[in-house]
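A.B. asks: A predicted structure for the sequence below; I have some questions about it.
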Amino acid sequence: MKKQARSNSSTRGIWHRSTATGRWYGFGRYYAMFPQSFIHDAVVNLTQREETVIDPFCGRGNGPYAATVLGRHALGIDINPIAWLYAAAKLNPATTPEEVTSRLSEVAKARRPSDRRSRSQFETMAWAPGVRALLKAARRELDWKNSVVDRTLMAFITLHMQDQLGSGLSNVMSPTIAYSPTYAVKWWTERGFHRPPEIEPVAMLEEKIYRRYYHGVPEQATGTVLLGDSRQELPQQDPASAALLVTSPPYCGVTDYWNDHWIRLWMLGYPFRKNWSKTARFENQKEYKDLITSVFQETRRHLKKGSAILVRSDHRRSTSEMCIAALKEIWPGRRLLVRNSIAPHPGISTHHGRGGKKAKEIDLLMPGSRAPSWWKNHAFVPYDATT
């Protein structure tokens, strides 16, 4: 068991980039990203130390991670392997950067001449031959599901394998969304990015690793993150007696949680292409409502009496109304509170033509017996279905 977080974890100063906690909080690029202030306030005000926090749609793990550094135990689940990779690496990273860079050196030595070859124009324009070789060797050599060190290294590689020019291992790419090969080749060609940068990938990754570990790793309570569908995973777990359910379900019909990450998923062993049979955009509203209701139903068994439920949802009616309906169906006798919020910074959707300047969201709270003074002072009001 890891040591408990230090007593100063109750202050917001721990989230600064000059601390280990702050440096690791932002690790990984993914859609589900709780703002630090949101998850900090929820955990500190709705739970006590040593209690458990559960997040059945944990994304890159910001909720479970924040809970563990604040001295709470955590259980997170996500069905997307990339989300799970980042969450698992944050909850249990390799202890030292030397462990990770040593494994990186081993992977580099395992490169084969054939790894340098390109199979398509996209590969030729995306990565220099030396980078391609390292990516393919890592894809072959790293046991990211079972080894803490391999998982940590794979998280670094997937994080930096697509980025803006000079910031990562690739030609110009979105740091988050992976466009189709045809679109990317057309975009690079039209703008004159015909060749990827010549990068020494081992040196760049070593620099990224040591920078992340500059302040070490945070002290954390025990946390577990599971890879799978919460509807199947939760029934297999012993009751968690959690004090707080805090989660942000996928937004209905907005983003494709699978195909938008196809390049990084390729690194984890999936085909080198988008796969529309695995699309996770949740276009069908009935299927989406069934998903949310089923997950909340399975989560209910893991909450103790008096626990709080806090759900951050997309403001669009297609998502928020179904989340509200699911909450009222699973917990029909509980008071439901609501508040509107605006993301503090422009979101991913802004940069790709998928939304306004800032994402509008809605917070849904069933406080139970938890901290009435907190929610009364933080703009929550009783839910009124007529407004």
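C.D. replies: Right, received. Where do you want to start? As the structure is a computational prediction, the values presented were derived from the model and not from experiment.

A.B. asks: Only C-alpha atoms from now on, for both contacts and neighbour counts.
C.D. replies: OK.

A.B. asks: tell me which element residue 132 falls in.
C.D. replies: Using DSSP states H and E, residue 132 sits in helix 129-141.

A.B. asks: Hmm, I typed the wrong one, I wanted residue 124.
C.D. replies: Per DSSP H and E: helix 121-126 holds residue 124.

A.B. asks: how far out from the middle of the chain is that helix?
C.D. replies: The chain centre lies 27 Å from the centre of helix 121-126; the measure is C-alpha atoms, centre = their mean, to the nearest Å.

A.B. asks: got it, and stretch 254-267?
C.D. replies: 13 Å.

A.B. asks: Could you tell me the end-to-end distance of that stretch?
C.D. replies: End-to-end distance of stretch 254-267: 25 Å, with C-alpha to C-alpha, to the nearest Å as the criterion.

A.B. asks: and it, what's its mean pLDDT?
C.D. replies: Per-region confidence: stretch 254-267 scores 93 on mean pLDDT.

A.B. asks: Regarding this structure, what is its longest helix?
C.D. replies: Looking across the chain with DSSP state H, the single longest helix is helix 285-300.

A.B. asks: thinking again about what came up before, which other helices and strands contact the helix holding residue 124?
C.D. replies: For helix 121-126, the packing partners by 3 or more C-alpha pairs under 8 Å, 6 or more residues apart in numbering; DSSP states H and E come out as helix 181-191.

A.B. asks: circling back to that earlier point, which helices and strands does the following helix or strand past the helix holding residue 132 pack with?
C.D. replies: Counting by DSSP H and E, the next helix or strand C-terminal to helix 129-141 is helix 148-160. Helix 148-160 makes packing contacts with helix 81-91, helix 97-109, helix 201-212 when contacts are defined by 3+ C-alpha pairs under 8 Å, 6+ apart.

A.B. asks: quick one: helix 148-160 to helix 129-141, angle?
C.D. replies: Interaxial angle, helix 148-160 versus helix 129-141 (axes from the mean of the first three to the mean of the last three C-alpha atoms, to 10 degrees): 140 degrees.

A.B. asks: what mean pLDDT does helix 148-160 have?
C.D. replies: Average pLDDT, helix 148-160: 98.

A.B. asks: Go ahead and confirm residue 276 touches residue 259.
C.D. replies: Yes. Applying C-alpha atoms under 8 Å, one finds residue 276 in contact with residue 259, separated by 7.3 Å.

A.B. asks: hang on, the earlier thing: could you tell me how far the longest helix of the chain lies from the centre of the chain?
C.D. replies: Per C-alpha atoms, centre = their mean, the centroid offset for helix 285-300 relative to its chain is 20 Å.

A.B. asks: in that helix, what's buried?
C.D. replies: Within helix 285-300, the residues that qualify as buried are 288-289, 291-293, 295-300, counting by 16 or more other C-alpha atoms under 10 Å.
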